[in-house]
Structures are given as structure tokens and as C-alpha cells.
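Q: I would like to see how this sequence folds:
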Amino acid sequence: QAIGKRDRDIFEEVWPDKRRIVLKLLRQDTVSQREWQDLFFGVHFVCLWDEKGAAKIYDCLQQDIVEFIVQAQSQVQAQRGEQALLATYIVEWRKFFTQSNYLPLPFRQLEQSPQVKPSSSSSASASGASTSAAAAASCSGSSSSKTGPSTSAAAAASASTSAAAAATSASASTSLAAAASGSGNGSSSTSKKSPTEDSPVRKLMLDSWNKHIFHDIKHRLQESAMKIVHAERNGDAYDAQLVVGVRESYVNLSSNAEDKLEIYRDNFEMAYLKTTAEFYRLKSTEQQQENGVLAYMKYADAKLREEEVRAKRYLEPSSFSILTYTLVKVLIVDHLNSIIAECPALIRDYETERLNLMFRLMDRVLHGVGVEAMMGDLQRHIMSAGLADMLSASEVITQDSEKYVERLLELFNKFSDLVRNAFNDDPRFLTARDIAFKTVVNDTSVFKMELPTSIANRGVKYTAPESKCPELLANYCDMLLRRTPLSKRLTSEQIDARLRDVLLVLKYVNNKDVFMRYHKVHLTRRLILGTSADSEKEEDIVEWLREVGMPADYVNRLARMFQDIKVSEDLNTQFRTLISRHDAIHIKILNAGAWARCSERVSVSLPIELEDYIPDVEDFYKKKHSGRKLQWYHHMSNGTITFVNNFGRFDLDVTTFQMAVLFAWNQRQHDKISYENLRLATELPDPELRRTLWSLVAFPKIKKQILLMEPAALASPKDFAENTMFYINQEFAIVKNGKSQRRGKLNLIGRLQLSTERSQQEDNQSIVQLRILRTQEAIIKIMKVRKRMNNAALQGELIDILKNMFLPSKKMIKEQLEWLIEHKYMRRDDDDINMFIYVA
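A: All right, here's what the predicted structure looks like:
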């Protein structure tokens with residue numbers, strides 16, 4: 001009993017005086033530094049000397065806090081007007097929240113007491129009713145009772161506790177300043193955790209405010225704040241700070257340490273999202289009906305940006321994403337079909353500004369539904385517009401590779417500008433452009449290349465037509481690299497730019513192997529005839545082809561061709577030192593693997609002047625390189641002869657075949673020789689003789705032909721008969737400016753025929769044959785690494801390997817798989833016919 005009485009005496013003596021300080025703090029009256037320090041010391045003294053002192057202090061503090069909150073509640077609820085209610089609530093809340101930051105500081109001692117549980121809003125002690133009653137009596141007692149002994153007790157204990165009190169006082173004053181400045185600007189996001197944040201007294205204060213004020217008027221607060229936001233959206237006068245204040249109270253009210261935004265999210269955020277959706281659901285429908293879809297897009301874009309700014313003012317950052325989702329749902333997704341329906345017309349009319357606006361709206365929609373629809377419209381437009389443009393100009397572009405490539409590049413730049421200006425070069429739309437433009441490039445409706453229908457040695461049929469685009473691209477490259485009117489009128493930089501453009505288009509070509517074939521033919525002709533406009537550019541284009549992914553073996557063969565030409569120059573220099581007639585012949589020793597095929601060799605009876613050189617050249621080469629064999633490709637040779645008739649003397653550049661034919665008249669220039677006799681004299685195959693004679697009797701772009709024939713009305717070389725007669729045109733002359741010249745030089749080579757009719761057929765066959773071999777090779781490479789692979793995966797990897805050369809058809813892949821299985825390179829799994837197994 002003595003101890004219990006002593007405990008009551010200590011609490012009753014000390015607390016009434018300290019309670020006055022607490023009430024002054026709650027009312028935000030001025031508190032001196034001495035009073036502030038005395039409060040720290042008093043709480044510490046009671047908790048130290050009274051076993052139940054912490055519980056008593058907590059109960060009294062709870063009663064005082066509740067009484068203060070009830071007074072604030074009566075002031076708030078007395079307001080009738082919405083803005084007055086909001087304004088009063090915010091004033092009272094900010095004052096109370098400021099107190100909640102520094103009032104708990106003197107009561108930090110309660111945190112160590114097991115009698116005070118932070119998780120409970122009630123502080124009733126488990127020691128029984130007598131303690132609570134005593135505490136209650138002490139709380140309500142007169143503040144003047146027994147002040148003397150408490151002061152003495154404080155004085156007696158001051159020596160032992162002064163250091164702790166001073167330290168606590170300093171930290172308390174610092175925290176008070178921070179709390180005051182924080183509440184002034186209304187910031188809800190604190191960068192450092194407050195020392196009072198986990199305090200049971202602070203939790204008590206916030207829970208009590210929540211229970212006695214917020215719970216009863218939260219719906220009124222929400223409705224009032226939302227009405228202000230609604231007025232702002234309608235352009236009426238509003239006070240934004242009222243809404244901001246409500247938001248701050250919602251955020252700061254939470255005493256949940258794990259989720260500080262729980263009350264804000266469940267109340268303020270939910271109400272804000274609901275009213276936002278309702279407002280724009282009504283307004284969006286009105287706007288679209290009154291102004292149309294195109295004007296509505298501007299409205300939706302403006303409101304989205306407007307709401308983003310408003311959200312930064314009224315909402316926490318965690319709410320931005322869900323607000324955006326809500327707005328996109330109401331403003332865009334609900335009107336998606338009507339907006340997308342305008343896309344094809346906008347693309348067709350190149351309305352880039354409106355398309356860009358539509359793209360910005362659609363890009364906000366989740367899962368890319370709107371963007372995918374726009375991509376589909378873009379693809380369809382590029383394919384239809386591109387093919388229509390090519391068809392409309394088909395008469396011109398099929399005859400002129402320059403016009404064809406320029407038209408393709410014009411289309412590509414046009415579509416690229418559309419993607420850049422309307423869709424900001426978004427990678428998804430660039431992909432859609434590439435897919436569609438690839439369809440245009442590889443289309444066969446304007447012109448197509450017919451590959452052979454069968455290859456006997458494999459028994460493989462191949463009937464699908466292919467685009468002629470790669471052949472025309474190769475022709476255009478040839479025009480730029482050869483000495484032509486086109487290359488002469490362009491600067492070096494312009495030629496480089498156009499060659500780069502060709503490679504750009506080549507990227508979209510499926511059958512790149514066809515381009516390789518024709519490019520090599522043109523390069524061979526330029527190197528043999530020496531007609532390259534710039535040898536450096538010839539080598540540059542080879543490296544560029546390597547950079548864009550052309551097969552290494554193809555590029556290496558082109559590089560070998562340049563090497564052969566350089567080596568031949570050195571051999572010619574050495575050969576001329578041994579032969580007195582050094583200016584009469586220029587030999588080119590070429591690697592057969594890089595340049596030509598053996599099937600292209602054509603027999604011909606050379607003029608005696610040329611025959612004399614052949615043994616000399618062979619002997620010279622054998623001495624330089626023993627063990628190598630020379631094979632003569634006369635159809636790739638050419639020369640210059642002097643032609644004399646009754647009118648004048650002319651130097652003619654001719655092919656070896658033309659030379660052989662003209663030399664038949666060398667000793668009898670006035671005779672007429674039949675077709676049959678010319679065949680016997682030249683020993684040329686029939687197709688080559690017909691073509692060579694036709695080039696001499698009907699050479700384009702010259703008015704007077706070298707040879708004449710009887711009958712003269714034959715329309716083509718196919719009309720030549722055995723008894724068709726040919727003779728020298730004694731009146732032949734070079735005509736310039738309407739006048740016949742008695743002297744001059746004429747090039748009759750034209751486009752040097754590098755292959756015979758037979759090998760032209762083989763060209764197309766060899767394209768298919770090479771594709772078959774490359775397909776088989778790629779399959780074996782894949783299976784050798786994988787060992788086991790299903791059909792779908794094998795086809796996918798196979799196409800990925802071959803796409804830089806050609807795209808194999810499913811039929812070709814299937815046939816080559818069967819061929820490889822038949823020849824024991826691989827086999828099917830016994831349990832799964834779609835599974836292939838490599839056979840070592």
C-alpha cells in the first residue's frame with residue numbers, strides 16, 4: 001500500500017503541471033524553452049519512479065487529445081457551405097498534423113514501456129481499474145494541486161538527468177522546426193523518416209482524428225473536393241488549394257507504416273477516378289457527335305494533356321498511371337473503332353499532322369491494339385499505292401532500268417517521309433513499311449522472270465515466276481559504273497549516292513541470287529572491254545555488297561576478278577618484251593572458277609593473224625606457271641580491225657566472231673558469200689553465226705550497214721537460209737550530222753555477248769540448281785549441329801540462313817528434305833514423321 005500510494009503521489013504531483021504544457025502545445029500557444037525541457041524531464045521522471053506511470057500518462061494524453069479533436073470537430077461540422085467546410089477542415093487538420101509531428105517527442109519514453117501498445121488505439125492498462133481511475137482522477141484534477149513536491153522532485157533529480165534532458169530538448173526543437181516547415185508547403189512526400197513516425201502518441205493522435213472527424217465527414221469532403229474539380233473542368237472559378245489540402249490530409253492521415261497511402265487510395269483516389277470517368281464519358285460522346293471524329297481527336301489529345309497537368313496538382317505520383325488508364329479507356333478505347341475508321345483516308349491523303357495525332361492517341365492504348373490497326377492500314381496503302389504506281393508507268397519502266405529504279409526510290413522516299421512525319425519513325429511502322437515495300441519490289445504483275453519449269457538431273461519442277469527487279473537493278477548498276485551518258489552527266493558523289501540507293505532497294509529483294517548473277521555478267525563485260533567509268537568505284541561496290549550481307553563466296557569471286565585483271569596487266573608487259581609485235585595483242589589470263597563456265601566455250605576458226613599468237617601465249621604462260629592449262633574463250637574476246645571499201649577507211653571495234661565473219665571477205669571483198677559457206681569458213685555454231693551476221697546487217701543506230709544481204713527484206717536472223725547471200729557494202733560510211741565521213745572509228749561490239757543461246761538457258765537452270773545445292777547445304781549444316789530437329793524449327797532456321805540470297809519455297813524445302821532422306825543424309829524419327837535425325 002505504501003508503494004502504491006507513493007506511485008500515486010509521484011504521478012499526481014508531477015503530471016498536472018506538465019498537462020498545462022501539453023494543452024498549450026495542442027492549442028499551439030507559446031511554450032518557453034524551460035517549459036519544453038520540463039515536459040521532457042517530467043515524463044521521464046514519472047516513467048522512472050512510477051511503475052504504471054507510462055500507462056497513466058498515455059490515458060491522460062488520450063483524453064486531452066480527444067477533447068481537443070471534439071472541439072475541432074464542432075467547428076468543422078458547423079460549416080454549411082462546401083468551400084467553408086473544406087477551408088475549415090484544412091485549417092484544423094494542418095494545425096493538428098503539425099502538432100502530431102512534435103507533441104510525441106517528449107513522450108519517447110513511452111515507446112520502451114510494455115504497458116503502452118502502439119497497435120491499440122485504447123490505452124487501458126491490464127493492471128486493473130484502480131490505476132485507470134487514479135489516472136483519470138489525476139487528469140481531471142486541479143492543476144494547482146501539490147505543485148511544490150513535484151518541483152522539488154524535479155530539482156532533486158535534475159543533477160542526474162540534466163544531460164539527457166538537454167540532448168532531448170535540442171533534438172525536439174530541431175524536429176519542431178522541420179515539422180512546421182513541412183506542414184506549411186503541404187508536401188505529402190517526405191524525404192526522411194520523422195523520428196516521431198513510429199511513436200505510439202503520434203499513432204494515437206492520427207487514429208483519434210480519423211475516428212472522431214474524418215470517418216464522419218469523409219464523404220462530404222470527397223464530394224466537395226470533386227465538385228471543385230468538376231467546376232475547374234467546366235472552366236468555372238475554383239480554389240485549387242482546397243482540393244490540394246484535402247489530398248494532403250488523406251495522405252498524411254494514414255498511420256499504417258507499411259502502406260502510407262491506404263486511406264488516400266481507398267477514398268480520395270477512388271472518388272477522383274470515378275468522377276473523372278463519368279465527366280469525360282458524357283463529354284466525349286457530346287464532342288464526337290457535335291464536331292466529328294477528326295475534331296474529337298484534338299479534343300481527346302488536349303484533355304489528356306490537361307488532365308496530366310491537373311493530376312500533378314491534385315494526386316499522388318502513384319495515381320498517375322491508373323488515372324491515365326482511366327482517361328484512355330473513356331476518351332480513346334470507347335471510341336476506338338470510329339477513330340481507326342478515319343485512318344485509311346488520312347493515309348491516302350497524306351494528312352501527316354492528323355495521322356501523328358491519331359498515332360499519339362493510339363499509342364496510349366494498352367497491348368498496341370490501335371497501333372496494330374494503323375500499321376495494317378499503312379501496309380495496305382503502301383502495297384496498293386505502290387503497285388498501282390508501278391502499273392501506271394509499266395510501259396516506261398519495263399524498257400528503262402533507270403526509270404524503274406528511280407520510280408522505286410521515289411516510292412520508297414515517299415513512304416519513308418510518311419512514316420517519319422506521321423509516325424515519328426516508330427520502329428513498328430518502319431517494319432510495316434518494309435514488309436509492304438518488299439511486296440511491291442517482288443511483285444510479278446508488272447514484269448516477271450520465268451525460270452525453267454524442270455531440271456532433269458534432279459527431277460525437280462520449279463514453275464513459280466519471280467520478279468525481274470534484281471535484273472533491272474543490276475542493269476542500273478551497270479549504267480552507273482560503265483561509261484554511259486548517265487554516268488557522264490553525274491558527279492562522283494551523285495554516282496555514289498545512287499549506288500547506295502540500289503543497295504537500299506536490294507535489301508527488299510527476295511531473289512538476290514539473280515542480282516548476283518546479272519551483276520557478275522555486267523562486271524565481266526566492263527572489265528574485258530575496259531569500259532568502267534571509275535575502277536575505284538568498281539571495287540567500292542564489291543565491298544558495299546559485302547557490307548549489306550551478300551554471300552562471302554560470291555563477293556570473293558568478284559574480288560578475284562579485279563585481281564586477275566591486275567595480274568594480266570603485268571603478264572602483258574612481260575609478254576610484249578618477248579614479242580616484236582607488242583602492240584597487236586592484249587591477253588587476259590582469267591581464273592575459270594571466278595569468271596566463266598566450261599560450257600560457254602565456243603569453237604571458231606580464227607583469222608590466221610590471231611592464230612599465230614596462240615602458241616606464243618601458251619608457251620609463255622607455261623614457262624611462268626607449270627602445270628596450268630589455258631582454255632581460250634573466244635566469245636569473250638574482241639579486237640580492232642581496219643575496214644576499207646570504195647568509200648573510205650574505217651577502224652572497227654568488233655567481237656572475235658564478227659572478226660571471223662568479216663575476214664571471210666579479206667581476199668575477195670566484192671564477192672557474195674552464202675550463209676552455208678560462211679558457216680563452213682567460220683566454223684561457228686548456227687545460233688552464234690545467225691546472231692553475228694544480224695549484228696553486221698542490222699546494227700542499230702547506224703544508217704549504213706557494213707554487210708548487205710539478199711533477199712534484203714528478212715525480218716530476223718531466224719529467216720536466214722543456207723542460200724541467203726551476204727556481201728560487203730561498198731558504200732558503207734560513218735554518218736555524222738547528215739554527212740558521210742571517209743574516216744572514222746565505229747564500235748560494233750555493243751553489249752558484248754558473253755554467253756551463247758545455250759548458256760542463257762543454262763543461266764536460268766543454274767540459278768535453280770544453285771538454290772537446290774545451297775538449300776541442301778544449309779539443311780545439312782543445321783542438322784549436323786542440332787542432330788534432331790522438328791520440321792517447323794528446321795524450316796525457320798533454314799529461311800533465316802538463306803534469306804540473304806533467296807527465299808526457298810515450302811515445295812523446294814520439302815523436295816530437298818526428301819532427296820536428302822533418300823540419299824541417307826538424314827532420316828525421319830520412327831515415332832514422329834515431323835522429326836528429322838541427322839545420319840553421320
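
Q: list the buried residues in the strand or helix carrying Leu48.
A: Element membership for Leu48 (DSSP states H and E) is helix 33-49. Residues of helix 33-49 classed as buried: 36-47, 49 (neighbour count, 16 or more other C-beta atoms under 10 Å). (C-beta placed from N, C-alpha, C; glycine too.)

Q: now do the SS call for Gly639.
A: strand (DSSP: H, G, I helix; E, B strand; the rest coil).

Q: roughly how far apart are Cys47 and Ser113?
A: Distance of Cys47 to Ser113, computed by C-beta to C-beta, to the nearest Å: 7 Å.

Q: dump the buried residues of helix 33-49 into JSON lines; add distance to Leu506 as well.
A: Formatted as JSON lines, the buried residues of helix 33-49 follow (distance: C-beta to C-beta, whole Å):
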{"residue": "Trp36", "distance to Leu506": "84"}
{"residue": "Gln37", "distance to Leu506": "87"}
{"residue": "Asp38", "distance to Leu506": "90"}
{"residue": "Leu39", "distance to Leu506": "86"}
{"residue": "Phe40", "distance to Leu506": "84"}
{"residue": "Phe41", "distance to Leu506": "89"}
{"residue": "Gly42", "distance to Leu506": "90"}
{"residue": "Val43", "distance to Leu506": "86"}
{"residue": "His44", "distance to Leu506": "87"}
{"residue": "Phe45", "distance to Leu506": "92"}
{"residue": "Val46", "distance to Leu506": "91"}
{"residue": "Cys47", "distance to Leu506": "87"}
{"residue": "Trp49", "distance to Leu506": "95"}
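
Q: how about Thr775, what does it touch?
A: Contacts here follow C-beta atoms under 8 Å, 6 or more residues apart in numbering; on that basis Thr775 touches Leu798, Leu802, Pro808, Met812, Ile813, Gln816.

Q: which residues touch the residue nearest the centre of the chain?
A: Nearest to the geometric centre of the chain sits Pro427, at 3.1 Å (C-alpha atoms, centre = their mean). Residues near Pro427 by C-beta under 8 Å, 6+ apart: none.

Q: quick check: the gap between it and Val441.
A: Separation of Pro427 from Val441 (C-beta to C-beta): 20 Å.

Q: got it, and Pro344?
A: Taking C-beta to C-beta, one finds Pro344 at 23 Å from Val441.

Q: who has more neighbours, these two?
A: The residue with more neighbours, out of Pro344 and Val441, is Val441; 22 against 15, by other C-beta atoms under 10 Å.

Q: count of neighbours near Glu290?
A: 9.

Q: now it: which helix or strand?
A: helix 270-291.

Q: show the average pLDDT along that helix.
A: For helix 270-291, the mean per-residue pLDDT is 93.

Q: list the contacts of Val116.
A: Listed by C-beta under 8 Å, 6+ apart, the contact partners of Val116 are Ala54, Ala55, Tyr58, Leu110, Ser123, Pro200.

Q: thinking again about what came up before, what's the first helix or strand after the helix holding Glu290?
A: Sequence order places helix 293-314 as the next helix or strand after helix 270-291, per DSSP H and E.

Q: remind me what the helix or strand following that next one packs against, helices and strands.
A: Sequence-wise, the next helix or strand downstream of helix 293-314 (DSSP H and E) is helix 320-331. Applying 3 or more C-beta pairs under 8 Å, 6 or more residues apart in numbering; DSSP states H and E, we find helix 320-331 packed against helix 270-291, helix 293-314.

Q: I'd like these as JSON lines, with distance to Asp501 appended.
A: Shown next, in JSON lines, are the helices and strands packed on helix 320-331 (distance: least, C-beta to C-beta, whole Å):
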{"stretch": "helix 270-291", "distance to Asp501": "44"}
{"stretch": "helix 293-314", "distance to Asp501": "36"}
